[in-house]
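[1] Sequence and predicted structure, then a few things I'm wondering about:
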Amino acid sequence: MLLADIDFLAPADEVARRLIGATLLIDGVGGVIVETEAYDQADPASHAWSGPTARNASLFGPPGHAYVYRSYGLHWCLNLVCRPAGHGAGVLIRALQPTQGLEAMAQRRGLADPRLLCSGPGRVGQALGVDKSLDGRPLGCPPFELLAAESPLDESAIAVGPRIGITRAVDQPWRFGLTGSRYLSRAFRAVA
DNA sequence: CTAGTGATCCGCT
DNA sequence: GCGGATCACTAGA
């Protein structure tokens, strides 16, 4: 299974859902995507909301590329750009289950607990060595590797909920996760 | 377990 | 000047 299995022209929330269970590697280091969030241009919580700027240019660039931004002045966060018909939209990678390059990740993070290596967008960035130099780079070639899940995930395997750490459009259910994973940045609230 | 806070930079209401 | 798509650490319940 290769990059071609993921259609980055689909709406961001669909791409975010489909990415759960896929494997993301940078220079051979990474793991299985267990948590994502979708951000669309028509979405007050998105960096694309106010239109293209120098910072978010990659969000308006070709789909299937990376958008990297600095969060709170210290963390690098990775988005995968998807773009339904002229929109600036992307999927934030919020958490991975580490499977490859555990030593490199532990070294970069300064700790070894696998559950703390990639359980949050800033942690993912640090563990995979993400920085501004990857902004705008295509996901289909080195240092990136993106492998679709071997078999499609069952509906019940995908948890859905409100996004984390935003103040606008808080009710939009555009956070997706692998149900029951121990590598999430936070647990999903159980369905009532 | 939850709540609060400092770190640290950049882009823009 | 203000406020983040965050994290780590502390204090207290």
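    Yes, it's here.
[2] Secondary structure element holding the residue most central in space within chain A?
    Taking Cα atoms, centre = their mean, the centroid of chain A lies closest to A:I93, which sits 1.5 Å from it. Assigned by DSSP states H and E, A:I93 belongs to strand A:90-100.
[3] Spell out whether the next helix or strand after that strand and DNA strand C are in contact.
    Next helix or strand after strand A:90-100 toward the C-terminus (DSSP H and E): helix A:102-109. Yes. Judged by Cβ under 7 Å from any atom of the strand, helix A:102-109 comes into contact with DNA strand C through A:R109. Every residue, glycine included, has its C-beta placed from N, CA and C.
[4] Helix A:102-109: which residues count as buried?
    By neighbour count with 16 or more other Cβ atoms under 10 Å, helix A:102-109 contains the buried residues A:A104, A:M105, A:A106, A:R108, A:R109.
[5] Give me the distance between the closest residue to the third one other than its chain neighbours and A:I33.
    When the adjacent residues along the chain are set aside, A:A106 lies closest to A:A112, with 4.5 Å between them (Cβ to Cβ, 6 or more residues apart in numbering). The spacing between A:A112 and A:I33, counted by Cβ to Cβ, to the nearest Å, is 21 Å.
[6] Between the two, which is the more surrounded one?
    A:I33 (29 against 12; other Cβ atoms under 10 Å).
[7] who touches that one in this structure?
    A:L19, A:I20, A:G21, A:A22, A:T23, A:L24, A:I93, A:A95, A:L96 (Cβ atoms under 8 Å, 6 or more residues apart in numbering).
[8] what about the closest residue to the fifth one other than its chain neighbours, distance to DNA strand C?
    Read it as A:T23. Among residues not flanking A:T23 along the chain, A:L147 sits closest, at 4.3 Å (Cβ to Cβ, 6+ apart). From A:L147 across to DNA strand C, the span is 22 Å (Cβ to the nearest atom of the strand, to the nearest Å).
[9] again with A:V160
    Distance, A:V160 to DNA strand C, by Cβ to the nearest atom of the strand: 17 Å.
[10] Among the buried residues of helix A:102-109, which one sits closest to A:L117?
    The closest of those to A:L117 turns out to be A:M105 (Cβ to Cβ; 4.7 Å).
[11] tell me the phi and psi of the closest residue to that closest one other than its chain neighbours?
    Closest residue to A:M105 apart from its sequence neighbours, by Cβ to Cβ, 6+ apart: A:A127 at 4.0 Å. Backbone torsions of A:A127, given as degrees, to the nearest 10, read phi -70, psi -30.
[12] and A:A127, how many neighbours does it have?
    Neighbour tally, A:A127, other Cβ under 10 Å: 27.
[13] surely it meets A:S119?
    No. The pair A:A127 and A:S119 does not pass the contact test of Cβ atoms under 8 Å, sitting 9.7 Å apart.
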